[in-house]
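Visitor: next one to model:
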Amino acid sequence: MQYLLISKDYYPYHYGGMANYYRGYADGFGDDIRVLIPGNNSILPDGQIDHRVVPIYTRSNNPSSFFHRRTVYRKAARLIEEGAGPWVVLCGNFRPYADVCYWLKKKYNVAVYPFFHGNDLLRVLKRLANNPLKRWKYDKLFLACDGFIANSRYTMSLIPEEHKYKKKIIIAPPGVDAGYAHRSIKEPLFAGDYDIRLITVCRLDHRKGVHNVIESVKILKERGISCYYDVIGKGNVERYRSIASSSGVADRVAIHGYKNETDKIALLKVSDIFIMPSQISEKNNDVEGFGIVYLEASAFGKPVVAANTGGIPDAVIDGRNGLLVRDPDDPVEIADKIETLYRDKNMAIQLGRHGHERVNKKFLYPSLAEALKKEISKQN
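Guide: Numbers count the residues shown, from 1 in each chain. As a prediction, this is how the structure comes out:
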């Protein structure tokens, strides 16, 4: 069985959780997969060749353009015609490439499985709610799929009821590569100059809750607990520095902006707690569908403080590898969870160890990819 992944997100051409996700699964699929990345070529940034990547040069780089999708379809069709098959088409971006997969299904009778990560599905559903005329189109696309691949139980729950029980739903969570996870835990917790050292790695977006963590640092300071907070990620750095300054904790909060992998790892190693109490943004249909950064933190043996929202409970099990806050918009509750780990250091250490073990047992991409291939093979 041959697999064809169509995705505009793929590391190292793109960065972010989805790009790492597709690269991780593609690596696990090995030579059984080809990857179409519209608008890119097969030369990696470091000069190496990824023979699985097929270059697609499109007249338009706008995925919503008919000409763009037609070019992607023609390239995919050529691969299918030249390959041995049978083929399974994995749709990395339901919108806009569901049309392409639908055309391939109709002409070549390939199996089609779209991936869903939470936000992408929420936005499709919003389009349906705002424009009922599109419902016919999307119903047709959903019906053409042989199954759905969701990154969490939460994302699975978003699939429309009229399709959920007609198709097989496979949960394929994010993971980490073996080199990232297979590391011994050497850095002791709570051994730095501050009582607690927190870290967040995320896009600097209001939904991630960094502003509430900054407020919790102020609360902990008032309780006599010295806390230092490192924040890594692209976004409006000055906005969060201003929040820290107005909260009176500018000397205890470092908004670093983007950091390369080496620098990020160095800061993760010296941290005591990874924290990211993400909220659900109903206005923007934005939610944490899973949260790969929680797994990365667990790989370093760090206890996690997160929120009981979206797909986070699949990544962070309350009392097992971290603590979940009920209200991610409550800095006092966030501060309480942090203080709980500080007061009970044995609990913090155990949460970190359990998280490390869990990542190595359940969230390595080679084993996740093999499980996904088996599930798809059962149906085809």
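Visitor: only C-alpha atoms from now on, for both contacts and neighbour counts.
Guide: Will do.
Visitor: what is the neighbour count of the closest residue to F29 other than its chain neighbours?
Guide: The spatial neighbour of F29 that comes closest, neighbours along the chain excluded (C-alpha to C-alpha, 6 or more residues apart in numbering), is A369 at 6.1 Å. Neighbourhood size, A369 [other C-alpha atoms under 10 Å]: 21.
Visitor: got a list of what A369 touches?
Guide: Neighbouring residues of A369 by C-alpha atoms under 8 Å, 6 or more residues apart in numbering: 25-26, 28-29.
Visitor: now, which of those residues lie within helices?
Guide: 25-26, 28-29 (DSSP state H).
Visitor: coming back round to it: on the three-state scheme, the residue nearest to F29 is what?
Guide: helix (DSSP: H, G, I helix; E, B strand; the rest coil).
Visitor: where's it relative to R127, distance?
Guide: 31 Å (C-alpha to C-alpha, to the nearest Å).
Visitor: at which residues are the strands of the stretch 101-250 of the chain located?
Guide: Counting by DSSP state E, counting those that start in this stretch, the stretch 101-250 of the chain has strands at residues 111-116, 147-150, 168-171, 196-201, 227-232.
Visitor: which other residues reach the fourth one?
Guide: With C-alpha under 8 Å, 6+ apart as the contact definition, strand 196-201 has outside contacts at 190, 210, 225-233, 267-268, 270-276, 293, 342.
Visitor: quick one: mean pLDDT for it?
Guide: Taken as a whole, strand 196-201 has an average pLDDT of 97.
Visitor: what lines up beside that strand in the sheet?
Guide: Applying DSSP bridges, strand 196-201 is found paired with strand 227-232 (parallel), strand 273-276 (parallel).
Visitor: hmm, who's touching the last one?
Guide: By C-alpha under 8 Å, 6+ apart, the list of residues contacting strand 273-276 from outside reads 196-201, 208-210, 213, 294, 297, 302-307, 338.
Visitor: just the helices in the stretch 201-350 of the chain please.
Guide: Along the stretch 201-350 of the chain, counting by DSSP state H, counting those that start in this stretch, helices occupy 210-222, 237-246, 261-270, 292-299, 312-315, 331-343, 345-362.
Visitor: tell me which of those sits most buried.
Guide: Of all these, helix 292-299 carries the top mean neighbour count, a mean of 25, counting by mean count of other C-alpha atoms under 10 Å.
Visitor: so what's the residue count around Q379?
Guide: 10.
Visitor: can you give me phi and psi for it?
Guide: phi -90, psi -10 (degrees, to the nearest 10).
Visitor: report pLDDT for it.
Guide: For Q379, pLDDT reads 85.
Visitor: begin at 844 from here
Guide: All right, first residue 844 from here; so that's Q1222.
Visitor: where does this structure have low pLDDT?
Guide: 882-892, 900-903, 1005-1009, 1023-1029, 1125-1127 (pLDDT under 70).
Visitor: okay, domains of it per the record?
Guide: Under the assignment automatic domain parsing, the domains of the chain span 845-1018+1207-1222, 1023-1205.
Visitor: quick one: the helices in the stretch 844-993 of the chain?
Guide: Secondary structure of the stretch 844-993 of the chain (DSSP H, counting those that start in this stretch): helices located at 860-872, 909-925, 937-951, 962-973, 978-987.
Visitor: out of the ones you listed, which one sits most buried?
Guide: Per-stretch averages of neighbours, counted by mean count of other C-alpha under 10 Å, single out helix 860-872 among the helices of the stretch 844-993 of the chain, with a mean of 21.
Visitor: measure the residue of the chain most remote from its centre to V1060 for me?
Guide: Relative to the centre of the chain, the most outlying C-alpha is that of G1067, 35.7 Å out, by C-alpha atoms, centre = their mean. Distance check for G1067 against V1060: by C-alpha to C-alpha, it reads 11 Å.
Visitor: G1162 now?
Guide: 22 Å.
Visitor: repeat for V1044
Guide: V1044 is 17 Å from V1060, where distance means C-alpha to C-alpha.
Visitor: got it, and V1113?
Guide: Noted for V1113: a distance of 18 Å to V1060, by C-alpha to C-alpha.
Visitor: next one: H894
Guide: Taking C-alpha to C-alpha, one finds H894 at 48 Å from V1060.
Visitor: state the number of residues packed around the residue lying closest to Q1122 once chain neighbours are set aside.
Guide: What sits nearest to Q1122 in space, not counting adjacent residues and going by C-alpha to C-alpha, 6+ apart, is R1050, at 5.1 Å. Number of residues near R1050 (other C-alpha under 10 Å) recorded here: 20.
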